[in-house]
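**Q** here is a sequence together with a model predicted from it:
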Protein chains: 4
Amino acid sequence: MDLQAAFGTTNQIIKNAFKGITDEMQMCIQNCTLCHQVCEQTLSHCLTKGGRHLEPSHLKALIDCAQICTVSADFMSRDSSIHSSVCGACADACLACAKSCDQLADDETMKLCADVCRRCEESCRKMAGQHH
Amino acid sequence: MDLQAAFGTTNQIIKNAFKGITDEMQMCIQNCTLCHQVCEQTLSHCLTKGGRHLEPSHLKALIDCAQICTVSADFMSRDSSIHSSVCGACADACLACAKSCDQLADDETMKLCADVCRRCEESCRKMAGQHH
Amino acid sequence: MDLQAAFGTTNQIIKNAFKGITDEMQMCIQNCTLCHQVCEQTLSHCLTKGGRHLEPSHLKALIDCAQICTVSADFMSRDSSIHSSVCGACADACLACAKSCDQLADDETMKLCADVCRRCEESCRKMAGQHH
Amino acid sequence: MDLQAAFGTTNQIIKNAFKGITDEMQMCIQNCTLCHQVCEQTLSHCLTKGGRHLEPSHLKALIDCAQICTVSADFMSRDSSIHSSVCGACADACLACAKSCDQLADDETMKLCADVCRRCEESCRKMAGQHH
């Protein structure tokens, strides 16, 4: 199976597995999962790239965001009674990471990461019941 | 944006973010990420369902598999020098979880989870350099 | 080395490793780490025990609390700029878990878990800058 | 309560919570928990320090080790049927991290981290049933 076919199957599986969850929460889970993956990958890119990409606060922002995104997705998957608190913390981490990536936005990988973080922040704010 | 469009965009983003990684490893990362999500969701289903679904060894198998799958994906994302050890442990967790889900395969959610675990196990074994 | 000696050495090591961090934050990191361990162990106890211990909302409260406690400790260890958001979410999870354990407080393991969760909640609220 | 008193209480609580687990496994759980904390703290130290401390493979070794140590401890806490696989992967991560810290052993923080990693590796190898 090639990657494209694998992605198609994946989407179908996710839709079946998450059938008890609202569309909005499903979307937020997917945004968090994607943001986790992109932050992990961007961290790896920054470590290899060196220079300004190795600024401590930047690396910490990526590590923070990657870590809380997966937790936020898990709390929603479990339909946890306190998922909104975790989504709120996740939104804060996404915003901090997006702002940090903006500083290096002449690098396309950073620009992509900033975009993904902002998309994730937006849906987490909604799940947290916070106005943007 | 509806879910279908979101998935399309997601796949494109993942392909861009992971461009430095081989197709086989990318596929394994996606399998682990999917397996994590499905196990989390299946755990939630089992907790609600009750009865045989609440057997301790079954719940532990789901918790184990969900936890190690995300770690395995992260080690590959970082192109860690010891990713093969973690992929091997992940394959063991996937197999144990698939076998546990087989016991309840008259429930479609369990059958789906078993299938996803077996797909993940297979690709993790390859990344671990283990023969099936 | 016996367990007692090991604990003594451990405490010495932690004090050396965390020397750049305030006493209050160190204490909160230790409370979160302990709460994580106790919740994991209590979850295992509940799965074995069965009956009322298997109530979905109770198991979810333990899983939630175990997961966010370790993340809260990590954010403080990294001296993350958004650690207060995560400590706030952690305090909410600790409180929910303590209340859930209170329902089974005739079981000593549950009573211990509730106490540990409340101690952790209190220090996390302080780190979050929230009044109790 | 001061830190010393808190540590004393902590040890007592851990001993009560983990009473169903063998002394050897308890010790390994504590070693993994400590190694996780020290690696997180050492990572933070390296990010601040800069220079040779920012070498990609070194930072990855610390991130790897911190992540798998906590998972290894969780698998033992749950008395998971596949804890030995995860302990084996954890031992590999600890060894890689210790070797990486050895390169910077003129820095005391690195020397401490290498020692803690080696102690953790040793007990994980035993739990994995692997000869050293």
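**A** Arrived safely.
**Q** from here on, contacts and neighbour counts on C-alpha atoms
**A** Will do.
**Q** contacting residues around the residue nearest the centre of chain A?
**A** Among the residues of chain A, the one closest to the centroid is A:Cys35, at 2.1 Å (C-alpha atoms, centre = their mean). Counting by C-alpha atoms under 8 Å, 6 or more residues apart in numbering or on different chains, A:Cys35 touches A:Cys65, A:Ala66, A:Cys69, A:Cys113, A:Val116, A:Cys117, A:Cys120.
**Q** quick check, the first one in contact with A:Ala98.
**A** The one in question is A:Cys65. No - judged on C-alpha atoms under 8 Å, A:Cys65 makes no contact with A:Ala98 at a distance of 9.4 Å.
**Q** burial of the residue nearest to A:Ile14 when sequence neighbours are not counted, as a residue count?
**A** Using C-alpha to C-alpha, 6 or more residues apart in numbering or on different chains and skipping residues adjacent in sequence, the residue nearest A:Ile14 is B:Val38, 7.1 Å away. Residues lying near B:Val38 (other C-alpha atoms under 10 Å in any protein chain shown) number 28.
**Q** which element is B:Val38 on?
**A** Applying DSSP states H and E as the criterion places B:Val38 in helix B:23-49.
**Q** A:Leu62: what's it in contact with?
**A** Counted by C-alpha under 8 Å, 6+ apart, A:Leu62 has contacts A:Cys39, A:Glu40, A:Thr42, A:Leu43, A:Cys97.
**Q** wait, what's in contact with the closest residue to A:Asp115 other than its chain neighbours?
**A** Nearest residue to A:Asp115, sequence neighbours excluded (C-alpha to C-alpha, 6+ apart): A:Ala98, at 7.2 Å. When contacts are counted by C-alpha under 8 Å, 6+ apart, A:Ala98 touches A:Cys113, A:Ala114, A:Asp115, A:Cys117, A:Arg118.
**Q** looking at these, which are in helices?
**A** Within those, residues falling in helices by DSSP state H are A:Cys113, A:Ala114, A:Asp115, A:Cys117, A:Arg118.
**Q** determine which two of these are furthest apart.
**A** A:Cys113 and A:Arg118 (8.6 Å; C-alpha to C-alpha).
**Q** which of the two has more neighbours?
**A** Neighbours were counted for A:Cys113 and for A:Arg118 using other C-alpha under 10 Å; A:Cys113 has more, 28 against 21.
**Q** show me what contacts the more buried one?
**A** A:Cys35, A:Val38, A:Cys39, A:Thr42, A:Ala98, A:Cys101.
**Q** next one, pLDDT for the residue nearest to A:Asp115 please.
**A** pLDDT recorded at A:Ala98 is 98.
**Q** check A:Met1 too.
**A** Looking at A:Met1, its pLDDT is 53.
**Q** how about the helices in chain A?
**A** A:3-17, A:23-49, A:56-77, A:83-102, A:108-127.
**Q** just give me the lowest mean pLDDT stretch among those helices.
**A** Among those, helix A:3-17 scores lowest, with a mean of 67.
**Q** mind putting the contacts of A:Leu62 in a markdown table, neighbour count included?
**A** Shown next, in a markdown table, are these (neighbours: other C-alpha atoms under 10 Å in any protein chain shown):
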| residue | neighbour count |
| --- | --- |
| A:Cys39 | 30 |
| A:Glu40 | 24 |
| A:Thr42 | 26 |
| A:Leu43 | 26 |
| A:Cys97 | 28 |
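**Q** greatest separation within these: which pair is it?
**A** By the measure C-alpha to C-alpha, A:Glu40 and A:Cys97 form the most distant pair in the contacts of A:Leu62, at 12.0 Å.
**Q** can you put the contacts of A:Leu62 in JSON lines and add distance to chain B?
**A** Output for the contacts of A:Leu62, formatted as JSON lines (distance: C-alpha to the nearest C-alpha, whole Å):
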{"residue": "A:Cys39", "distance to chain B": "9"}
{"residue": "A:Glu40", "distance to chain B": "6"}
{"residue": "A:Thr42", "distance to chain B": "7"}
{"residue": "A:Leu43", "distance to chain B": "8"}
{"residue": "A:Cys97", "distance to chain B": "16"}
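**Q** ok, the residues you listed vs D:Leu54, which is closest?
**A** Closest to D:Leu54, out of all of the contacts of A:Leu62 and judged by C-alpha to C-alpha, is A:Leu43, at 12.7 Å.
**Q** chain neighbours aside, what residue packs nearest to that closest one?
**A** A:Leu62 (6.2 Å).
**Q** residues from chain A in reach of chain B?
**A** By the rule C-alpha under 8 Å from any C-alpha of the partner chain, the part of chain A lying against chain B is A:3, A:6-7, A:10-11, A:13-14, A:17-18, A:23, A:27, A:33-34, A:37-38, A:40-44, A:74, A:77-79, A:109, A:112.
**Q** which of the residues you listed count as buried?
**A** Neighbour-count burial within those applies to A:7, A:10-11, A:13-14, A:17-18, A:27, A:33-34, A:37-38, A:40-44, A:74, A:77-79, A:109, A:112; the criterion is 16 or more other C-alpha atoms under 10 Å in any protein chain shown.
**Q** ok so, going back, out of the ones in helices among the contacts of A:Ala98, which is nearest to chain C?
**A** A:Cys117 (15.1 Å; C-alpha to the nearest C-alpha).
**Q** my guess is the closest one contacts A:Ser100. True?
**A** No - using C-alpha under 8 Å, A:Cys117 makes no contact with A:Ser100, being 10.6 Å away.
**Q** out of the two, which sits in the more crowded spot?
**A** A:Cys117 (32 against 21).
**Q** what's near enough to touch the nearest residue to that one once chain neighbours are set aside?
**A** Taking C-alpha to C-alpha, 6+ apart, and ignoring the residues beside it in sequence, A:Cys117 has A:Cys94 as its nearest neighbour in space, at 4.9 Å. A:Cys94 makes contact with A:Cys65, A:Cys117, A:Arg118, A:Cys120, A:Glu121 under the criterion C-alpha under 8 Å, 6+ apart.
**Q** nothing else from me, thank you.
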